[in-house]
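*Asks:* Need coordinates for the below:
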Amino acid sequence: MTIEEKIAALVLPITRELGLDLLRVRSGRVVQVIVDRKGGVDADLLAAVSRGLSLQLDVEDLIHGEYRLEVASPGLDWKLTTAADFERYQGAQISVRFKDFGELEGENVGITADGFVLKDHQGELHQIGFDEPERVIRTVNFKKSKDPRPKRKNKS
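*Replies:* Numbering: from 1, shown residues only. Alright, predicted model coming up:
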């Protein structure tokens, strides 16, 4: 069992209890744990995972010497590759770059048996197999985003 697998075994009960998905564990002088869930993760949840895992790592003494624990959620540039990724980010804006031709952007409508469905900005649906894209990441559609704050009136 690798050190990453041992760390994952320690953190999985914590993430499950908090309703989080464990996406990645990397080890070295920086132990990096990436977690997420549908709807996102706030700082309190990240801190809870960090505290719990820190205690476990101290008890188990898996990492000899000094290390830094980093618990984070994935950024927009996190590559979506699995059915669980597409399910977690259903409704999100995504950018799909294909191996053989350009890019498509739109809304991740959901998963199919062997891929996912993207609704482009014109409303057209595209069924895409998991093995077709070179890269899929979340993106922001600034045209669709609206500022929920009320507009101020200029006083002249």
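
*Asks:* For the rest of this, base every contact and every neighbour count on C-alpha atoms.
*Replies:* Fine.

*Asks:* Endpoints of stretch 24-33, how far apart?
*Replies:* 6 Å (Cα to Cα, to the nearest Å).

*Asks:* Pull up the per-residue confidence for residue 156.
*Replies:* According to the prediction, residue 156 has pLDDT 47.

*Asks:* Ok, residue 39 next?
*Replies:* So residue 39 comes in at 86 (pLDDT).

*Asks:* domains for the chain, by residue range?
*Replies:* Using automatic domain parsing, the domain parsing of the chain gives 3-72, 83-138.

*Asks:* Contact partners for the residue most central in space within the chain?
*Replies:* Central residue of the chain (Cα atoms, centre = their mean): residue 74, 4.1 Å from the mean position. Residue 74 is in contact with 34, 35, 36, counting by Cα atoms under 8 Å, 6 or more residues apart in numbering.

*Asks:* coming back round to it: out of the domains of the chain, which is the most enclosed?
*Replies:* Each of the domains of the chain was scored by mean neighbour count; the highest is domain 83-138, a mean of 17, by mean count of other Cα atoms under 10 Å.

*Asks:* and it, how far out from the chain's middle?
*Replies:* In terms of Cα atoms, centre = their mean, to the nearest Å, the centre of domain 83-138 is found 15 Å from the chain centre.

*Asks:* Kindly check the end-to-end length of that domain for me.
*Replies:* 15 Å.

*Asks:* And residue 32, how far from residue 41?
*Replies:* Residue 32 is 16 Å from residue 41, by Cα to Cα.

*Asks:* what's the answer for residue 28, then?
*Replies:* Residue 28 is 24 Å from residue 41, by Cα to Cα.

*Asks:* Shouldn't residue 135 be within a strand?
*Replies:* Yes: with DSSP: H, G, I helix; E, B strand; the rest coil as the criterion, residue 135 is part of a strand.

*Asks:* For the helix ranked longest in the chain, name the packing helices and strands.
*Replies:* Scanning the chain for the helix with the most residues, using DSSP state H, yields helix 43-60. Other elements packing on helix 43-60 under the criterion 3 or more Cα pairs under 8 Å, 6 or more residues apart in numbering; DSSP states H and E are helix 3-17, strand 68-72.
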